[in-house]
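Colleague: Here is the input, now give the coordinates:
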Amino acid sequence: MHLIQILLPLRDNAGQPFPRAHYAEVRAELTERFGGLTAYSRAPAEGVWDEGGDGPPVRDDIVVHEVMAESLDRDWWREFRARLERRFAQDVIVVRATAIETL
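Modeller: Below is the predicted model of the structure:
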């Protein structure tokens, strides 16, 4: 079993919130393909990273969507991530998978 997490930004690079429809589309597609999902959207997580310059670290509020899948179709996930990067106008959307054992 695999746990797949998708880290989605709440705002674009100008600080404007993304339309709710963006997240609704993600939920609908993941629910249809995997039979459900968990979205951590009540208390956004904060991403922080250093872009290598002299300026302050970059900060971004994110929500996490996750699904569990029996198998990991890497080609499908690469395509899905590319669609998300276009939809959310991001250079990179983090999609990560962890092998898990359900108890």
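
Colleague: what about the helix or strand containing residue 60, distance to the chain center?
Modeller: Assigned by DSSP states H and E, residue 60 belongs to strand 58-69. Here the centre of strand 58-69 is set off from its chain's centre by 4 Å, with Cα atoms, centre = their mean, to the nearest Å.

Colleague: Can you name every helix or strand that the following helix or strand past it contacts?
Modeller: Remark: after strand 58-69, the chain's next helix or strand is helix 74-87, criterion DSSP H and E. Helices and strands touching helix 74-87, by 3 or more Cβ pairs under 8 Å, 6 or more residues apart in numbering; DSSP states H and E, are strand 2-9, helix 20-34, strand 94-99. C-beta coordinates here come from the backbone N, C-alpha and C atoms, glycine included.

Colleague: Mind listing what's buried along the last one?
Modeller: Put plainly, it is strand 94-99. Neighbour counts over strand 94-99 (16 or more other Cβ atoms under 10 Å) mark residue 95 as buried.

Colleague: so what strands line up beside that strand?
Modeller: strand 2-9 (antiparallel) (DSSP bridges).
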